[in-house]
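> fold the following, please.
(3 chains)
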Amino acid sequence: MTEAVFYVFAACAVATASMCVLSRSAMSAVLWLTATMLSLAALYVLLGAEFVAAIQVLVYAGAVMVLFLFVVMLLNLGHPTTDMRGPAAMAATVVIAGLLAIQLFALWSYSPDRLAAEIAQAPEFSDPASLFAAGQATRDDAVARGVVGAVAAPLFEVYLVPFEITSILLLTAIVGAVVLAKRKI
Amino acid sequence: MIASQWVWLAVAFPLAGFLVNGALALRRAPATTAVSIVGPGVLLAAFAVSLGIFFGLLRDPPHQPHMVPLWSWMPVGSLDVTLAFQVDQLSTVMLLVVTGVGSLIHLFSVGYMREDPGYARYFAYLNLFVVFMLVLVLGSNLPTLFIGWEGVGLCSYLLIGFWFSEKANADAGKKAFIMNRIGDFGVLAAMFLLWRELGTLEFADIAARAPAGLAPGGAIVTLITLFLFLGCTGKSAQIPLYTWLPDAMAGPTPVSALIHAATMVTAGVYLVARTNVLFAMAPLSSALVAGVGAVTALFAATIALRQYDIKKVLAYSTVSQLGYMFLGVGSAAFAGGIFHLVTHAFFKALLFLGAGSVIHAMHHAYHATHSHEDAQDMRNMGGLRQHMPVTFWLMTIATLAIAGIPPFSGFFSKDEILASAFARGAEMPVYYVFYAFGLAAALLTAFYMARLIAMTFLGDNRSGAEERRHLYEAPWIMTGPLLVLGILSVIGGVINLPVFAGGHHALEGWLEPVTAAGAAFARVELPHGSTELALVGGAVLVGAVGLLLGYRATLTRKTPPAREAPADTGLALVLNRKYYVDEIYDAAVVRPLVWLSRVVLWKGVDQGLIDGAAVNGSARVSRGFGWLGSRLQTGQVGVYVVFFLVGALWILRAMIR
Amino acid sequence: MTDGMALLGPALGLSAILFSLGVAGVLLRRNVIVLFVCIELMLNAVNLTFVALAQLHGASGQVMVFFVMTVAAAEAAVGLAIILAIFRHKQSVDLQNINLLRG
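Numbers count the residues shown, from 1 in each chain, chains lettered A, B, ... in the order given. Below you'll find the model as predicted:
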C-alpha cells in the first residue's frame, strides 16, 4: 500500500517537474514547481519525515514560491515567445543530463541492506538494524515525544551553532535583497 | 721574533696613506703639501718597519717562518683560509725591496707629479699599490697572496690609465687588466688543484706535504706548476702574455719604475721562488719556465733594438730581464732569480727614473716653447749630457749594471743565472740552448742600452735651438732618489758575492730555509774553477762588446729628429713594430672574440635566443594562452554551466563506481 | 524496519531523476527566473535524498533539510533581487543579453 502511494506521488513529482522545465511561461513554470513540491511533501510523509513535510508545504511551496510569483508578476513580462535554447544546446542538454542521470541512477538499487554491506564489509555489521541504530532511535523518539520533538532535539542541541549562523545568513539576505531591489537608498 | 709581530704595520702605514690621500683627492682644493708629506712618509715608515724586521731576523735567523695570523677569512668545512702574514727570509727580502725602492720612487714622484692636477689621486693609488704588493709578498697562503696579486693588478690598471682622458691610456690599462685575467685563471686553477691534492693552501704546509703527497715529475705536479706559471706569464709579462707591459708605459714614469719594473712584474718570479718545491719536483715545468724565460729574454731584447720611445726601450728591457729571472728560477737557481730580482729592481728603477727625469726636462722644454714634439722620442734628444750631468752619470752606471760589467750589481746576478743555466745543461742538454739564448740576450741588452745612452745623452742635441735653452737638470727631490739607486746599483752585488770575488753567496745562504724544500729535488751545482772563470769572462766580454757595438753603431750614424726621420724598412721595421705580435693577437684572438661576442653571443644568443625566444617568447606564449582562456569567458551563463557540469560529471565518475 | 525503509532505493532514484531534470532545465532555458526555478528543483531533489537517508542515520538528515531550505530561501531572495536590478538596467531577463563577464 505504502509503496503504491509512493509511486503515484513519485510519478506526480516527475511529471510536474518535467512540465516545470518545459513550460513556456515563467508563471506556469513556478506553478508547476509548486506542484512538484507538494508531491515531495507527500513523499516526505511516506518517508517518516512528517515535520519536514509540513515545513515544505509552509515555507517552500508557500513562502518561497510566492516570492517567485511576486517577482514574475513584478517584471510583467507579458506573453513571451519561448526561451528554449537552440538545437545545439538541446543536444548538449540531452548528453549531459543523460550522463548525469545514468550516473545517479545507480542510486536506485540502494537498499539499507546493501548500504550496510558496503559501509561495513564485516559480517557482524550486515544487519542494518544494528548498523543504523540512529535511525531506529529517531523513530523510537518520534513515537515517544512526537515528530517535532525528534527533530527539535538535534536541531537545538547538536546543531545549535549552525542554526544561529543561519539566522545571520537570513539577516544578510534580507539586507542584501533590500539594497539590491531598492531604486534609491 | 718580536719585531716580526709588527709586520702588519708595514701594510697598515701605506693603507693609512691611501685613505688619507684618497680623502684628499676627493677635495676640490689641491692639498699638495699634505700629500707630499703623507705619500712618501708612510712608505718611509713602512721601510723603517721592514728594516726593524730584517735586523730582527738577521740577529736570529729562523728555520720556520714567523706566522702573523690576522683573522680567519674563509672557514668553510675543512677549508680554513686565514688571512695571515708570514715573515721569513724570502718575504723579508721582498719587503725591503718593495718598501725601499718604493720609498725612493715615492720621493721621486713628489718632484715628477707635483704639477699634475691628480696629484693626490696619484699618491692614493701608489700607496694602495704598495699595500697590495706587501700583502702579496707577505701572505702566508695562496689565497692571501691572491688578494695582493689581484690588488696590484687593479692598481696597475688604475695607474696605467691614470691620464684616462686620452683613450689610448685607458685602452692600455684595460689591456693590462684583461691579459692579467688570463694568467689569474692559471693561479686559481693551480689553487684548486693544490687543494684537491694536498688539502692545504698554506705555503709552509705545501712545502711540507708536497714531497710525500705528489709524485715527483708526475702529471699532477706538472699541471699545477704549469698553471702557476701561466699566472706568472701574465703578471710578469712573459711570452705569450707580455704585450701589455710595453703598452703599460702609458702611465706616469715613476709608476713604470715601481710597478712595471721593480715590484709588481717580479711577482711571478717571487711566486715561483715561493713554491720552489713544486717547481723542483716538476723538471718538465722547470724546463718550460727556463725556456720561456730565455726565449722571452732574447725576443724582447731584439725588439728593444729598434724602439725610439725611451720608455718603450726600457719596457722591452724589463720584459727581457724578467725572462732572465725566469731562466734563473727555471734552472733551480731560486736564490739566483731573487738576486737578479733585487739588483734589477735597483738598476731598472734607476733607469726608469732617469728616463723620467729626461722626459721631465724635455717636456718642460717643449712646454716652454709651446712645441708639440714627442718628449719621449730619443731621436728628439741627444747631447743631454751637458744639460743634465747627474742624470747622465747615474744612467750610465745603471747601463753598466744591466750590461753585466763588473763590479756593478747586474754583473753578479746575471752571471749567476747564466752559470746556473749552464750547470743544469749537464742534466738536461736543452739548458745549453737556454744558456746560449741568455748570452745572446746579454749581448743585445748591452747593445740597446748603449744605443739608448748614446742617442739620449751623447752626440748633438736635436731638440731644437729654442728648446735647448730650457733644458735643466731635475730638482734635488728627483735626483736624490736617483743617487741612492745609483749607489745601490753599484754595490748591490755584495748581497750575494760569489766565491771568486771574495764572497760566500750570502743571499743564497740567507734564503736557504726557504729554498731547502726545493733543493731536496733539484740542486744546482755552480761550476767552479776554470769553467766558472771562463763563463764569467765570456759574459763580461759579451757585455763589453755589446756596449761598444751599440755605442759605435749609434754615434757613427747621424740620427735625424723624429719629424724628419725616414720610415724604417725591412728588418728594422719588423723590429720597430714588435714583430707585429699585437696585430697578430688582434687578428687571431681579439677580432674573432669580438665577432663571437657581437654576432653570435649578442645578436644571436642574447637578442635572438634569450630576448627573442625565451623572454618575449614566453610572454607571447602566455599571452596566447590568455587569449585562449579569454575565449572561454563568453559571459554566457549557459556555457559556464556546461563547463561546471562537465567537471561535476568527471568528479562523479571518479566517486561512483 | 518500517515500510518507509524499503522505499530508500526508489526515493534515491526519484531524486536522481528530479536532479537531472533540474540540470536539463538550467541548460535548456534562457529565462533567468526559470533558471532559478530549476535550481530550486535541484535543491528539492537533494532534500529528498536527505530525508530518505534520515531513516537510516537519524534526525540529522532532516535537520540538514532545514538548513538547505534556509539557504534556498536566502538565495531566492537575493537572487530575485539581483534579477530585479538587472531587469531595471537591461529591460530583459534573457541570459543572452546578460554577458557582463565576457572576457
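
> who in chain A is up against chain B?
Contacts of chain A with chain B, taken as Cβ under 8 Å from any Cβ of the partner chain, map to A:Arg85, A:Ala89, A:Ala92, A:Ile96, A:Leu99, A:Leu100, A:Gln103, A:Leu104, A:Ala106. For glycine as for every other residue, the C-beta is placed from the backbone atoms N, C-alpha and C.

> quick one: buried ones out of the residues you listed?
Neighbour counting over the residues of chain A next to chain B (16 or more other Cβ atoms under 10 Å in any protein chain shown) leaves A:Arg85, A:Ala89, A:Ala92, A:Ile96, A:Leu99, A:Leu100, A:Gln103, A:Leu104 as the buried ones.

> which residues does the residue nearest to the spatial centre of chain B contact?
Closest to where the C-alpha atoms of chain B average out (Cα atoms, centre = their mean) is B:Val265, at 1.7 Å. By Cβ atoms under 8 Å, 6 or more residues apart in numbering or on different chains, the contact list for B:Val265 reads B:Lys235, B:Ser236, B:Ala237, B:Leu245, B:Ile259, B:Thr318, B:Leu322.

> return the residues of chain C in contact with chain B.
Contact residues, chain C versus chain B (Cβ under 8 Å from any Cβ): C:23, C:26-27, C:30, C:35, C:95-96, C:98-103.

> I'd say A:Tyr60 and C:Phe66 touch.
No. In this structure, A:Tyr60 is not within contact of C:Phe66 by Cβ atoms under 8 Å, at 11.2 Å.

> shouldn't B:Met67 be within a helix?
No. The assignment for B:Met67, made by DSSP: H, G, I helix; E, B strand; the rest coil, is strand rather than a helix.

> tell me which entries of the residues of chain C next to chain B lie within helices.
Here DSSP state H is the test, and the residues of chain C next to chain B give C:Val23, C:Val26, C:Leu27, C:Leu35 as lying in helices.

> where does chain B dip in pLDDT?
Scanning chain B for pLDDT under 70 picks out the ranges B:1-2, B:656-657.

> in which helix or strand would I find B:Gly328?
Per DSSP states H and E, B:Gly328 falls inside helix B:310-330.

> what's around B:Gly323, how many residues?
30 (other Cβ atoms under 10 Å in any protein chain shown).

> which residues touch it?
Contacts for B:Gly323 were tallied using Cβ under 8 Å, 6+ apart; they are B:Gln238, B:Val292, B:Gly293, B:Ala294, B:Val295, B:Thr296, B:Ala297, B:Leu298, B:Phe299, B:Ala300, B:Ala441.

> next, the distance between the ends of stretch A:17-32.
Using Cα to Cα, to the nearest Å, the end-to-end distance of stretch A:17-32 comes to 7 Å.

> tell me the contacts of residue 40?
Using chain A. Per Cβ under 8 Å, 6+ apart, neighbours of A:Leu40: A:Ala13, A:Gln56, C:Asn44, C:Asn47, C:Leu48.

> not quite, I wanted chain B
By Cβ under 8 Å, 6+ apart, the contact list for B:Pro40 reads B:Ser103, B:His106, B:Leu107, B:Ser109, B:Val110.

> contacts with chain A among those residues, please.
Near chain A, by the rule Cβ under 8 Å from any Cβ, you find none of the contacts of B:Pro40.

> what is the nearest of the residues you listed to B:Val499?
B:Ser103 (32.8 Å; Cβ to Cβ).

> check which helix or strand the closest one maps to.
Assigned by DSSP H and E, B:Ser103 belongs to helix B:89-113.

> any idea how far B:Ala172 is from chain C?
Separation of B:Ala172 from chain C (Cβ to the nearest Cβ, to the nearest Å): 62 Å.

> for B:Ala520, same thing?
Separation of B:Ala520 from chain C (Cβ to the nearest Cβ): 82 Å.

> tally of neighbours for that residue?
Counted by other Cβ under 10 Å, the residues lying close to B:Ala520 total 14.

> excluding residues flanking it in the chain, which one is nearest A:Ser28?
A:Met19 (7.7 Å; Cβ to Cβ, 6 or more residues apart in numbering or on different chains).

> check contacts around the one you found.
Listed by Cβ under 8 Å, 6+ apart, the contact partners of A:Met19 are A:Ser28, A:Trp32, A:Ala35.

> and the next element down the chain from the host helix or strand of A:Phe6?
Taking DSSP H and E as the definition, A:Phe6 sits inside helix A:2-22. Downstream of helix A:2-22, the first helix or strand assigned by DSSP H and E is helix A:26-46.

> of A:Tyr60 and C:Phe66, who's got more company?
Taking other Cβ under 10 Å, A:Tyr60 and C:Phe66 do not tie; A:Tyr60 has more neighbours (25 against 21).

> could you pull out the helices for chain C?
So, for chain C - with DSSP H - the helices run C:3-6, C:8-28, C:32-57, C:60-90.

> looking at these, which is closest to A:Leu155?
Using Cβ to Cβ, the helices of chain C put helix C:60-90 closest to A:Leu155, at 4.9 Å.

> identify each buried residue in the closest one, please.
So, applying 16+ other Cβ under 10 Å, buried residues of helix C:60-90: C:60-67, C:69-70, C:72-81, C:83-84, C:86-87.

> centre of the chain to that helix, how far?
Chain-centre distance of helix C:60-90: 10 Å, with Cα atoms, centre = their mean, to the nearest Å.

> quick one: that helix to helix A:26-46, angle?
170 degrees (axes from the mean of the first three to the mean of the last three Cα atoms, to 10 degrees).

> do helix C:60-90 and chain A meet?
Yes. Part of helix C:60-90 sits near chain A under the criterion Cβ under 8 Å from any Cβ, namely C:60, C:62-63, C:65-67, C:69-78, C:80-85, C:87-88.
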